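[1] output the structure for:
(2 chains)
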Amino acid sequence: MKYFYTKSEQIQSIIKGLNLTKTLFVSSIIIGPEYTGKKSLAQSIFPHAPMVSGEDQEKIKTALAGSDELIITNFEKIKNLNDLDFTNKRIIATANYMGNSALIDDIFAFIYTMPPLIQRKEDVDYLKERYIEEAKSILMIENSTIDTEHIPLDLSLNTKSLKRSVYTYLIKHTMEAGDIEEILYHYLLKHLEGNDAYRQYLGLYEKPLIKAGLEKFGSQLKLSEILGINRNTLRKKIHEHNIDQEL
Amino acid sequence: MDINFEPFVEWDNSPFVLFNNEGRILYLNHSAELLFGSVSPKELYDLTLAYASAGFGYKTTSLALSYDAFMFHAITVGYENEEEISLRLYHAPAVQPKSKLQTESLIVTDINVLLEANIALFQAENNNPLKLLTDQDLPLFKMDQNHFSKLLRKVFHSFRSSDSIDISLKLLIGQHILINNKKESLAGLKITANGRYVESDEEIKELAGKNQIKAILKEHSILLEIPLIQ
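    Coordinates of the predicted model:
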């Protein structure tokens, strides 16, 4: 059976409520933004319930005829609700938004709200660690010196964007020179054109070079020595790439 | 012929109260005793004075009165001297439910499970402290689980901003209701707090009616008298 991990008190109350309705024939709905775990939560509590999407009305009708218990995802996409009879059935629906609130209020006995990840800090920490482990295994990363403390996390699309943040961070931080060359090669192959391309695309290399150098060595004087270029040339390039404004 | 009419008044189903000229109760029958659980003597004395005839005599007035579950359609106020005045209230006939309850489609349920699920739903959205006193020995009974849960959701929602909510569920000993010519026991679910929202009161009454439940809605509390349909 799938286990739904959460430290959120709000979700723990939802789990308690749904667990109590396991033996009842009532309709419940979990409403919340995309990728907040609504479907996983429903499946973890009702592992044997068939699951159908609100996009396929006929499938819902068939499932209702054959089962007393049903998970309906994307409930907001059902076109004709009057066509469906939930009497004495155990329905667990999920929806990304409320839609017709009067109708939802009429159909469902239990209306739960799933909070977005941004309101569930402890869940974010747990999911981040899980995705790091998963990414390391899938990408076959053995390097344990990567700083995973400071991964910039994007929660705009909940678990989806969080997962993407972790994967892209780990990929970026485990690349070798050959990988970077290959990436640049494919990028340039796709975009290279115009009549000033040399100067234009040189920035792809120059800009990170100078930015990293300044951060690592602190002063322009020291960096110009390390890079073996004139201080004025370095200053000109810093200005040209707007690095002084970014730092 | 000397007939003692007092026992007839005592056991009359209509409440009867005799006040003195300061509003003190000199006599009340059995039915009035029950009524005083829902209304103060002062309120009834004021009502008596307001509807008394101009001179000595008896005056009956038709008016709609309701005190909690008690509903009256008329009163008679009478006085024959300056010292005593009487009030008699006439019960309004109970409204018959419009539709016959289809008990065959109802499911035998443990109300405590439904109640706890609704408390969990309430707590997922609110942090108000709750106190629950419930009778775990209430018998299982038949209900439409979805309708009943909806009713509970609406009832709880009306307490969403209340502090220290008290919930009690118990058997109403000695009280019964006739449903489809069968005598059923009643349980009382009472939720009390320092105040509540009233915007869903009509909906609560309607949902309660569909479940053959009597809803008594007050400023600080809601009482549901639930038939334990067997």
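
[2] so for the helix or strand of chain A with the lowest mean pLDDT, what gets flagged as buried?
    When the helices and strands of chain A are scored by mean pLDDT, DSSP states H and E, helix A:243-246 comes last with a mean of 78. If you call a residue buried by 16 or more other CB atoms under 10 Å in any protein chain shown, then helix A:243-246 has these buried ones: residue A:243. Quick note: C-beta positions are derived from backbone N, CA and C, even for glycine.

[3] stretch A:219-238 too?
    Under the neighbour-count criterion of 16+ other CB under 10 Å, stretch A:219-238 has A:220, A:223-224, A:234, A:237-238 buried.

[4] so which of the residues you listed are in helices?
    A:220, A:223-224, A:234, A:237-238 (DSSP state H).

[5] how about residue B:93, nearest residue that isn't a chain neighbour?
    Nearest residue to residue B:93, sequence neighbours excluded (CB to CB, 6 or more residues apart in numbering or on different chains): residue B:73, at 7.9 Å.

[6] report how many residues lie close to the one you found.
    A total of 13 residues lie near residue B:73 under the criterion other CB atoms under 10 Å in any protein chain shown.

[7] list the buried ones in the helix or strand hosting it?
    Using DSSP states H and E, residue B:73 sits within strand B:70-79. Buried residues in strand B:70-79, defined by neighbour count with 16+ other CB under 10 Å: B:70, B:72, B:74-79.

[8] for chain B, longest helix please?
    Longest helix in chain B by number of residues (criterion: DSSP H): helix B:111-125.

[9] chain center to the least confident helix or strand of chain A, what's the gap?
    30 Å (CA atoms, centre = their mean, to the nearest Å).

[10] let me see the confidence value for residue 172.
    Picking chain A for this. Listed pLDDT for residue A:172 reads 91.

[11] please go with chain B instead
    In this model, residue B:172 is scored at 85, pLDDT.

[12] where does the residue nearest the centre of chain B fall, phi/psi-wise?
    With distances taken as CA atoms, centre = their mean, chain B has residue B:69 as the residue nearest its mean C-alpha position (2.7 Å). Residue B:69 adopts backbone torsions of phi -80, psi -10, taken as degrees, to the nearest 10.

[13] below-threshold pLDDT in chain B: ranges please.
    Along chain B, the parts satisfying pLDDT under 70 run over B:1, B:94-101.

[14] for it, which segments are assigned as helices?
    Counting by DSSP H, the helices of chain B are B:6-10, B:30-35, B:41-50, B:111-125, B:145-157, B:201-210.

[15] which one of the ones you listed is the most hemmed in?
    Among the helices of chain B, helix B:145-157 has the highest mean neighbour count (mean count of other CB atoms under 10 Å in any protein chain shown), at a mean of 24.

[16] which secondary structure elements does it sit against?
    strand A:110-113, strand B:107-109, helix B:111-125, helix B:201-210, strand B:221-227 (3 or more CB pairs under 8 Å, 6 or more residues apart in numbering or on different chains; DSSP states H and E).

[17] if you set the cut-off to 7 Å instead, what comes out?
    Where contact means 3 or more CB pairs under 7 Å, 6 or more residues apart in numbering or on different chains; DSSP states H and E, helix B:145-157 is packed against helix B:111-125, helix B:201-210.

[18] so it versus helix B:111-125, what angle?
    Per axes from the mean of the first three to the mean of the last three CA atoms, to 10 degrees, the angle that helix B:145-157 makes with helix B:111-125 is 50 degrees.

[19] residues making contact with helix B:145-157?
    Under the criterion CB atoms under 7 Å, 6 or more residues apart in numbering or on different chains, residues A:24-27, A:109-110, B:107, B:109, B:114-115, B:118, B:121-122, B:191, B:200, B:203-204, B:207-208, B:210-211, B:222 lie in contact with helix B:145-157.

[20] and what of stretch A:112-124?
    So stretch A:112-124 is contacted by A:6-8, A:10, A:14, A:17, A:28-33, A:36, A:38, A:153, A:155, A:158-159, A:162, B:121, B:124-125 (CB under 7 Å, 6+ apart).

[21] would you map out the domains in chain A?
    Residue ranges for the domains of chain A, per automatic domain parsing: A:9-115, A:119-172, A:177-245.

[22] how about those domains, which one is nearest residue B:10?
    Across the domains of chain A, residue B:10 has its closest neighbour in domain A:9-115 (46.8 Å, CB to CB).

[23] that closest one: how far from the chain's middle?
    Worked out by CA atoms, centre = their mean, domain A:9-115 lies 23 Å from the chain centre.

[24] give me the mean pLDDT for that domain.
    For domain A:9-115, mean pLDDT is 91.

[25] for the closest residue to residue A:244 other than its chain neighbours, give its distance to chain B.
    Excluding its sequence neighbours, the residue lying closest to residue A:244 (CB to CB, 6+ apart) is residue A:238, at 5.4 Å. Noted for residue A:238: a distance of 53 Å to chain B, by CB to the nearest CB, to the nearest Å.

[26] what's in contact with the helix or strand containing residue A:209?
    Assigned by DSSP H and E, residue A:209 belongs to helix A:197-217. For helix A:197-217, contacts defined as CB under 7 Å, 6+ apart pick out A:184, A:188, A:192, A:194, A:223, A:226-227, A:237-238, A:241, A:243, A:247.

[27] ok, now with 8 Å
    A:184, A:187-188, A:192, A:194, A:220, A:223, A:226-227, A:234, A:237-238, A:241, A:243, A:246-247 (CB atoms under 8 Å, 6 or more residues apart in numbering or on different chains).

[28] least confident of these?
    Across the set of the contacts of helix A:197-217, residue A:247 stands lowest in pLDDT, at 65.

[29] tell me which parts of chain B are close to chain A?
    B:105, B:107, B:109, B:113-114, B:116-118, B:120-121, B:123-125, B:145-150, B:153 (CB under 8 Å from any CB of the partner chain).

[30] so how far is stretch B:68-80 from its chain's centroid?
    Taking CA atoms, centre = their mean, the mean C-alpha location of stretch B:68-80 is offset from the chain mean by 17 Å.

[31] returning to that earlier point: for residue B:61, find the nearest of the domains of chain A.
    Closest approach to residue B:61 among the domains of chain A (CB to CB): domain A:9-115, 42.0 Å.

[32] end to end on that closest one, go ahead and measure it.
    10 Å (CA to CA, to the nearest Å).

[33] how about stretch B:124-131?
    Stretch B:124-131 has its terminal residues 16 Å apart, counting by CA to CA.

[34] which parts of that stretch are buried?
    The neighbour-count check on stretch B:124-131 (16+ other CB under 10 Å) flags B:124-126, B:128, B:130 as buried.
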